[in-house]
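Enquirer: sequence and predicted structure, then a few things I'm wondering about:
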Protein chains: 2
Amino acid sequence: MTTLADVAKEAGVSVMSASNVLRGKPNVSASIRERVLAAATKLDYRANMAAKSLRSGRSGIIALCVPRLDMPFNAAFAAAATSAAEEHGVRVMVQQTLSDPERELEILRGATASLVDGTIVSAVGASAREIEDAASSHAVVLYDERIQNTQLDLISSPNQAGGRAAVEHLITKGCRRIAVLGTHSAPHGRAGADGQDLRWAGALSAAEDNPQVDLTPIPCAWDCEPAYAAMLSALAVGTPVDGIFAMTDSVALGAIRALSDRDLRCPEDVRIIGFDGIREGAISVPSLSTVDIGITQLARTAVDMLLTRIEAPASELPGRRFTPAYTLIERESSR
Amino acid sequence: MTTLADVAKEAGVSVMSASNVLRGKPNVSASIRERVLAAATKLDYRANMAAKSLRSGRSGIIALCVPRLDMPFNAAFAAAATSAAEEHGVRVMVQQTLSDPERELEILRGATASLVDGTIVSAVGASAREIEDAASSHAVVLYDERIQNTQLDLISSPNQAGGRAAVEHLITKGCRRIAVLGTHSAPHGRAGADGQDLRWAGALSAAEDNPQVDLTPIPCAWDCEPAYAAMLSALAVGTPVDGIFAMTDSVALGAIRALSDRDLRCPEDVRIIGFDGIREGAISVPSLSTVDIGITQLARTAVDMLLTRIEAPASELPGRRFTPAYTLIERESSR
């Protein structure tokens, strides 16, 4: 599909300039207007989605709800979604929900939804049913780790497979007493489970295939400070550990800090692997091994799904499911 | 001033519930409605800004433009601004501009501005004059490191004083060959300068007072990957260095990684201090000394300034200037 970026490149102008011309904005020079229109004609740009949106009088804005703007994973997802949407001449407005169902539903019911063409809701607190009701005819893509019975478009991380791969990696490296950092207080893997349950279930399946391995769940919220505190506590009570599967990269960075406080070397004394593939993990000391789920491509997929959904109601296009592949990246922390 | 959070607390409900009641949303239970209205009356909440906004038919949404959503400083600022605004029942929509003047002006001129009550524009690419023209009657607060001749409300970081304090700290610790990482290619300190120039000017003033100190500018963009690459290059050509003032904390984290690659110990071989006070610096290995400018309070101030500005046009309230104080935090990286 021809994107606005293609038109801009062909015309030798910025994407914003191309967007301004095609949206009929004033204050564009005649020369730029001419080049953009020529490029759009040459590439048959009018046939595509952005042009359709123009004709339908849409706002050209989509919303993205993330739990916390200051979580590196959310931040990376939001930045990548913004870049992906801009290629279609669509702007992204990002809002923070703290995974609070009330905030999520308020956004979908309230003023925000009426201002935008559709919404990507990431890491959801409300149930899919509540979101379906709140969104009604509003186009929505969910990025939700929970197993959900929904007709909405749904993106999930490769939680179980990724959790298994992480622990298998540590076992291959010789780890036998493996802590899983970031579980629920009572981890389980039954249906209806969320990301914490599913990553634990994956980890558990790897351990069950390797009876020489002890697996210890260490509960904490998925952020670096709680992970740091939880890991310090676990070390203080003498939890034996030579490997840590941290359920997110932020959790892993907190664990690395805790090891440093206790003069434990990573990877010599304790190996660590995270999950997500945030860029901070490539620059940390030690650099962080991770189950990389390709955040940039994932955000791009979410935007593409939403832009398609804006054009096609559920009656024409049934709800889709997407789970990205992962790549296990070995860096210093588990060498 | 009584905030929505005060009302919610008094009523024993969430801020969102209180907001829903006061905005006349349906689907609120009679009991909650009664408690919120009683609390609002008791605290004289109607007299305040949010209530005024209600009567004036505003959207209750403000926009925040940041250069990059995935920069920890921007992310922390956005998260804190969102929390601060919510206390007034106002939602924040965050957009990424890549500091591109075209994007900034598009946001201020375009659909977004008509949807929101006002906009905080952080780390500006466009000139204040261009922004004044684009915004016209739209309420705007600039967070801009450049010295600007403008009537707009303007927030700046303590660039020069903070840069000086950082280098003085390194000198006190015994550093004599100090690299300043994150300068322009040709750093200068003249009027019209931006944050890079001003932090360099502050660093230079500290060095000039200490003639035994050599100061070397190392140019790079303000992000961890370019800082990592620039620092590696500087070390490769044998730049003598026993101290680094990194112009942002993200730059500092890149420098720490570069030292690790070259088997240089921090702080034993090279001391480092950053600038900003992002939370990632408290959890890194080594933990990062920094010129902490109080991001949370800064975001709160920006929101307060904007909410006041929405109520008061320039004719009633002249443009204000604000620069936060800083706190020098010593952690492992410069001990």
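Expert: Nice, I can see it.
Enquirer: poorly predicted segments of the stretch 151-300 of chain A, please.
Expert: Low-confidence segments of the stretch 151-300 of chain A (pLDDT under 70): A:187-192.
Enquirer: ok, which residues in it are in contact with chain B?
Expert: A:224-225, A:228, A:253-254, A:256-257, A:260, A:279-280, A:283-287 (CB under 8 Å from any CB of the partner chain). No exception for glycine: its C-beta is placed from N, CA and C like everyone else's.
Enquirer: for A:Ser137, state which of the residues you listed is nearest.
Expert: A:Ser137 has its nearest neighbour among those in A:Arg279, at 37.3 Å by CB to CB.
Enquirer: which one of the residues of the stretch 151-300 of chain A next to chain B sits closest to B:Gly243?
Expert: Among those, A:Val285 lies closest to B:Gly243 (CB to CB), at 18.3 Å.
Enquirer: could you measure from the closest residue to that closest one other than its chain neighbours over to A:Asp269?
Expert: Ranked by CB to CB, 6 or more residues apart in numbering or on different chains and with sequence neighbours excluded, the top spatial neighbour of A:Val285 is B:Ser260, at 4.7 Å. Distance, B:Ser260 to A:Asp269, by CB to CB, to the nearest Å: 17 Å.
Enquirer: between these two, which is the more surrounded one?
Expert: Taking other CB atoms under 10 Å in any protein chain shown, B:Ser260 and A:Asp269 do not tie; B:Ser260 has more neighbours (20 against 12).
Enquirer: report how many residues lie close to A:Ala30.
Expert: Neighbours of A:Ala30 (other CB under 10 Å): 7.
Enquirer: tell me how far it lies from B:Gly125.
Expert: 25 Å.
Enquirer: what's the answer for A:Val13, then?
Expert: From A:Val13 to B:Gly125 the distance is 17 Å (CB to CB).
Enquirer: what about these two, which has more around it?
Expert: Legend: neighbour count by other CB under 10 Å for A:Val13 and B:Gly125, higher for A:Val13 (22 against 19).
Enquirer: one step back: out of the residues of the stretch 151-300 of chain A next to chain B, which are buried?
Expert: For these, a burial check counting by 16 or more other CB atoms under 10 Å in any protein chain shown picks out A:224-225, A:228, A:253-254, A:256-257, A:260, A:279-280, A:283-287.
Enquirer: wait, which of those is closest to B:Ala193?
Expert: Using CB to CB, A:Ile283 comes nearest to B:Ala193 of those, at 28.7 Å.
Enquirer: ok, the closest one touching B:Ala255?
Expert: No. Taking contacts as CB atoms under 8 Å, A:Ile283 lies outside contact range of B:Ala255: 10.0 Å.
Enquirer: what do the two both touch?
Expert: Contact criterion CB atoms under 8 Å, 6 or more residues apart in numbering or on different chains; residues shared by A:Ile283 and B:Ala255: B:Tyr228.
Enquirer: which parts of the stretch 51-200 of chain A are strands?
Expert: All strands of the stretch 51-200 of chain A, identified by DSSP state E, counting those that start in this stretch, fall at A:61-66, A:91-96, A:118-122, A:139-143, A:153-155, A:177-183.
Enquirer: as JSON lines, those strands with mean neighbour count would be great.
Expert: JSON lines is the format used below for those (neighbours: other CB atoms under 10 Å in any protein chain shown):
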{"stretch": "strand A:61-66", "mean neighbour count": "25"}
{"stretch": "strand A:91-96", "mean neighbour count": "26"}
{"stretch": "strand A:118-122", "mean neighbour count": "26"}
{"stretch": "strand A:139-143", "mean neighbour count": "26"}
{"stretch": "strand A:153-155", "mean neighbour count": "22"}
{"stretch": "strand A:177-183", "mean neighbour count": "26"}
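Enquirer: okay, those strands in JSON lines with distance to A:Ile310 next?
Expert: Converted to JSON lines, the strands of the stretch 51-200 of chain A look like this (distance: least, CB to CB, whole Å):
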{"stretch": "strand A:61-66", "distance to A:Ile310": "8"}
{"stretch": "strand A:91-96", "distance to A:Ile310": "13"}
{"stretch": "strand A:118-122", "distance to A:Ile310": "5"}
{"stretch": "strand A:139-143", "distance to A:Ile310": "5"}
{"stretch": "strand A:153-155", "distance to A:Ile310": "11"}
{"stretch": "strand A:177-183", "distance to A:Ile310": "35"}
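Enquirer: out of those strands, which is closest to B:Gln160?
Expert: strand A:91-96 (32.3 Å).
Enquirer: alright, calling it a day.
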